[in-house]
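Engineer: could you work out the structure for the sequence below:
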Amino acid sequence: SSLQWPNGLAIDFSAQKLYWTDAGFDKIERSNLDGSYRQVVTRTGLPHPYSISVYEQSMYWDDWSTQSIQKANKRDGSARQTIKSNVL
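Structural biologist: The predicted model follows:
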């Protein structure tokens, strides 16, 4: 429920978590691999999150509207930074 337009999906094998972007509700969420313990990681400043990847302690995603690649802490969305702008 409360999932509108899932675009990206990533598995964090080391933490046994599933991450996804939802461009309909403009947020990034995660859960355990079995779907339990679903949490919103971030929903701030996400006009159209698309694909997502997880590496070590960070998650990376691109945004269709801002045409950028973003990075943030995978646990809480903190320490967010733009890796690349004007990605076409």
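
Engineer: can we go C-alpha only for contacts and neighbour counts from here?
Structural biologist: Will do.

Engineer: where does this structure have low pLDDT?
Structural biologist: Within the chain, the segments meeting pLDDT under 70 span 1.

Engineer: any chance you could map the strands in it?
Structural biologist: Remark: strands assigned in the chain by DSSP state E are 6-12, 17-22, 27-32, 39-42, 49-55, 58-63, 68-73, 81-84.

Engineer: how about CSV for those strands, with mean neighbour count added?
Structural biologist: Output for the strands of the chain, formatted as CSV (neighbours: other Cα atoms under 10 Å):
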stretch, mean neighbour count
strand 6-12, 18
strand 17-22, 23
strand 27-32, 21
strand 39-42, 18
strand 49-55, 21
strand 58-63, 21
strand 68-73, 20
strand 81-84, 12
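
Engineer: touching, residue 69 and residue 85? I think so.
Structural biologist: Yes: counting by Cα atoms under 8 Å, residue 69 touches residue 85, with 6.6 Å between them.

Engineer: for residue 59, which non-adjacent residue is closest in space?
Structural biologist: Nearest residue to residue 59, sequence neighbours excluded (Cα to Cα, 6 or more residues apart in numbering): residue 74, at 5.0 Å.

Engineer: measure that neighbour to residue 55 for me?
Structural biologist: 9 Å (Cα to Cα, to the nearest Å).

Engineer: OK, contacts around residue 58?
Structural biologist: The contact partners of residue 58, by Cα atoms under 8 Å, 6 or more residues apart in numbering, come to 71, 72, 73, 74.

Engineer: now swap in residue 24 and tell me
Structural biologist: Residue 24 neighbours (Cα under 8 Å, 6+ apart): 3, 4, 5, 6, 48.
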